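Q: Output the structure for:
(one chain, ligands or ions: 1)
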Amino acid sequence: MNTPTAITHRTTETLRAAINGEVFVPGDLGYDQARQAWNLTADQRPSVVVFAESAGDVVHAVRFARAQGMRIAPQGTGHGSQPLESLEDVMLLRTVRMRRVGIDPAGRIARAEAGALWQDVTVPAGQHGLAALAGSSPNVGVVGYTLGGGMGWLARRYGLAANSVTAAELVTPDGHLVRADAGREPDLFWAVRGGGGSVGVVTALQMRLYPVRDLYAGALFFPIQRSAEILHAWRAWTGTVPDEVTSLGRILRLPPLPEVPEPLRGRAFALVEAAYLGDAGTGAELTQPLRQLGPELDTFATIPAPALQQLHMDPDQPVPNQGDGAFLSDVPAAAIDTVVALAGPDADTPLLSVEIRHLGGALAHPAPGGGAQPKIDAKYVIFAVGFTPTPDLAAAVRAHAQTLKDALGAWHAGYDYYNFQETPALAGAVLPPASYHRLQQIKARYDPGQAIISTHPVWPTRART
Ligand SMILES: Cc1cc2nc3c(=O)[nH]c(=O)nc-3n(C[C@H](O)[C@H](O)[C@H](O)COP(=O)(O)OP(=O)(O)OC[C@H]3O[C@@H](n4cnc5c(N)ncnc54)[C@H](O)[C@@H]3O)c2cc1C
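A: Residues are numbered from 1 along each chain as shown. Down below sits the predicted model:
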């Protein structure tokens, strides 16, 4: 790739004229707002920011960047911006204005443009009694989440979101809009389903929806002092539940902010959150072993599928935060003791939330015709996150999360979860080894010059002949 020339307002005139979207370079009014990611800790300083409004805009932007010798970082919301490499001499190609979503109720298919948030899909799908494989937050981007795998409340029953993708529309690094599905561009189709966004700029994804109108879900809150008892009980309980139950055990320190409801504000809890794909009677029976421990607050009820995205209490506004996570091959009692020692009532920690999600079920079996994460060889995944308004706090959160990961090293599954690895790491650290090798070959074919920057980089290798 050529060395980029300095990009000025004047250099970008042709691009501005060609697209419906907007272009910002340093010095432009609006540049600072344009470069701001959802995660306010990320300080992105690209050479140019392009807001695309259509796939056609993306084509123009990619061709412009290549002609200028610039690399391209596609981004929707910026929830996943923390691990990104430096954006110096880079075009930040933002898709947030491309939020059109179409639902085909008869075919149980959704098509979401690259900037769609999960709530843009779950709400209209829910009107047809259908559910998408969304994650815990309504404002995370459909595309970034799905490219990295995508694990939500229906994961143990229906698997990763990536393996429910039926087609991807993307602009290749040489600036061509293509459709990748089971019959066309099979390598690209495989790569985008769990391998991250390293092979092009996705302009839309098409995905399967599932017939779930409502389900039994909620949380049981206990005082943080009971963390050991509750997490041990939850862990034992996960060994007894059917695939229709997806749950997590969590230690949560809620900040004293007005957004947090009064009974929870500024308090710390051990809790269990769960969703059961079934009726309230059976759900109540299934959760009884945990309920009989006497929670302080019990929010379980039958809820419509789109309401699942409030269950985890994720922030609805941009916040500065840092997280980190790891796949765990198992979580025996000693692992729970480790988590409680480092994050429980007696720990001096800046981590606001440490959660262990129960995997298995459909995640453990190869998805028929699946992509770069065909299955998950781990029984649990841990994720720790803290609020990081200052560099000192960011460093402290990173250090505590790393200490937690190190302490759980004996149970590490060998690689981490793509979407929960929020510190810089090669894609080889967040994918099964065989998948990473295939991805390297695909990268070598479609993007040998590393034009596309992705959350977790892929170093191209020459394909074996
Ligand atoms: C509050 C919160 C809750 C979360 N809950 C879950 C959860 O329940 N389950 C789960 O699996 N993950 C979860 N995550 C992690 C989340 O899935 C990742 O951070 C994901 O990368 C966010 O996608 P995004 O599009 O919103 O972010 P972005 O930062 O916009 O995108 C992340 C990356 O995806 C790639 N990308 C995005 N758009 C494109 C595109 N159009 N073309 C090519 N590449 C693209 C790029 O590499 C980009 O850097 C959560 C994160 C947060 C902050």
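Q: Please give the element, helix or strand, for whatever residue of the stretch 251-400 of the chain ends up closest to the ligand.
A: Closest to the ligand within the stretch 251-400 of the chain is Asp314: 4.0 Å, counting by CB to the nearest ligand atom. C-beta: built from backbone N, CA, C; applies to glycine. Per DSSP states H and E, Asp314 falls between elements, in no helix or strand.
Q: Identify the residue spatially nearest to it, adjacent ones excluded.
A: Excluding the flanking residues, the one nearest Asp314 by CB to CB, 6 or more residues apart in numbering is Ser137, at 3.8 Å.
Q: Quick check, the one you found in contact with Met313.
A: No - using CB atoms under 8 Å, Ser137 is not in contact with Met313; the gap is 9.6 Å.
Q: Compare the two (neighbour count), which wins?
A: Neighbours per residue (other CB atoms under 10 Å) separate Ser137 from Met313, with Ser137 holding more: 22 against 19.
Q: That one and Gly78: what is the separation?
A: Using CB to CB, to the nearest Å, one gets 13 Å for the distance from Ser137 to Gly78.
Q: Next, count neighbours for the residue nearest to Val140 when sequence neighbours are not counted.
A: With sequence-adjacent residues excluded and distances taken as CB to CB, 6+ apart, Val140 is closest to His79, at 5.1 Å. Close neighbours of His79, defined as other CB under 10 Å, add up to 24.
Q: tell me which residues in the helix or strand Gly56 falls within are buried?
A: If you go by DSSP H and E, Gly56 is part of helix 55-68. Under the neighbour-count criterion of 16 or more other CB atoms under 10 Å, helix 55-68 has 55-66, 68 buried.
Q: What's the first helix or strand after it?
A: The helix or strand immediately downstream of helix 55-68 is strand 71-75, counting by DSSP H and E.
Q: Poorly predicted segments of the stretch 301-450 of the chain, please.
A: Within the stretch 301-450 of the chain, not a single segment meets pLDDT under 70.
Q: need the residues of it near the ligand, please.
A: Listed as neighbours of the ligand in the stretch 301-450 of the chain under the rule CB under 6 Å from any ligand atom: 314, 419.
Q: residue boundaries of the helices in the stretch 151-300 of the chain?
A: Applying DSSP state H, counting those that start in this stretch to the stretch 151-300 of the chain gives helices spanning 155-158, 186-192, 227-238, 280-291.
Q: Give me the distance between Pro26 and Thr349.
A: Taking CB to CB, one finds Pro26 at 38 Å from Thr349.
Q: Please say which of the two ends up with more neighbours.
A: Set Pro26 next to Thr349 and count neighbours by other CB under 10 Å: Thr349 wins out with 20 against 16.
Q: residue contacts, the more buried one?
A: Contacts of Thr349 were listed using CB atoms under 8 Å, 6 or more residues apart in numbering, and they are 342-343, 400.
Q: between those residues, which has the most around it?
A: Highest neighbour count within the contacts of Thr349: Ala343, with 28 neighbours (other CB under 10 Å).
Q: The closest residue to that residue other than its chain neighbours: neighbour count?
A: Spatial nearest neighbour of Ala343, chain neighbours left out: Val354 (4.2 Å); criterion: CB to CB, 6+ apart. By other CB under 10 Å, the residues close to Val354 number 28.
Q: quick one: strands adjacent to the host helix or strand of Val354?
A: In this assignment (DSSP H and E), Val354 forms part of strand 351-358. Counting by DSSP bridges, the strands paired with strand 351-358 are strand 245-253 (antiparallel), strand 380-387 (antiparallel).
Q: is it possible to export the ones you listed to JSON lines including mean neighbour count?
A: Below are those laid out as JSON lines (neighbours: other CB atoms under 10 Å):
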{"stretch": "strand 245-253", "mean neighbour count": "25"}
{"stretch": "strand 380-387", "mean neighbour count": "24"}
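Q: got these as TSV, with distance to Ala217 columns?
A: Below are these laid out as TSV (distance: least, CB to CB, whole Å):
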stretch	distance to Ala217
strand 245-253	9
strand 380-387	19
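Q: Can you pull up the most central residue in this structure?
A: The centre of the chain sits closest to Tyr145, judged by CA atoms, centre = their mean, with a distance of 3.7 Å.
Q: any idea which element that one lies in?
A: Assigned by DSSP H and E, Tyr145 belongs to helix 142-147.
Q: Excluding its own residues, what touches that helix? List them.
A: Helix 142-147 has contacts (CB under 8 Å, 6+ apart) with 75-77, 79-80, 95, 112, 114-118, 120-121, 134-135, 161-162, 165, 192-197, 202, 205, 207, 419, 455.
Q: where do the strands sit along the stretch 51-200 of the chain?
A: Along the stretch 51-200 of the chain, counting by DSSP state E, counting those that start in this stretch, strands occupy 71-75, 90-94, 101-104, 109-113, 165-171, 177-181.
Q: Present the ones you listed as a markdown table; the columns should include mean neighbour count.
A: What follows is the strands of the stretch 51-200 of the chain, written out as a markdown table (neighbours: other CB under 10 Å):
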| stretch | mean neighbour count |
| --- | --- |
| strand 71-75 | 27 |
| strand 90-94 | 26 |
| strand 101-104 | 16 |
| strand 109-113 | 23 |
| strand 165-171 | 24 |
| strand 177-181 | 17 |
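Q: Tell me which of these lies nearest to Lys375.
A: Of all those, strand 165-171 sits nearest to Lys375, with 15.6 Å by CB to CB.
Q: other SSEs contacting that closest one?
A: helix 55-68, strand 177-181, helix 186-192, strand 201-208 (3 or more CB pairs under 8 Å, 6 or more residues apart in numbering; DSSP states H and E).
Q: Which single helix of this structure contains the most residues?
A: Scanning the chain for the helix with the most residues, using DSSP state H, yields helix 391-407.
Q: what's the following helix or strand after it?
A: Downstream of helix 391-407, the first helix or strand assigned by DSSP H and E is helix 433-446.
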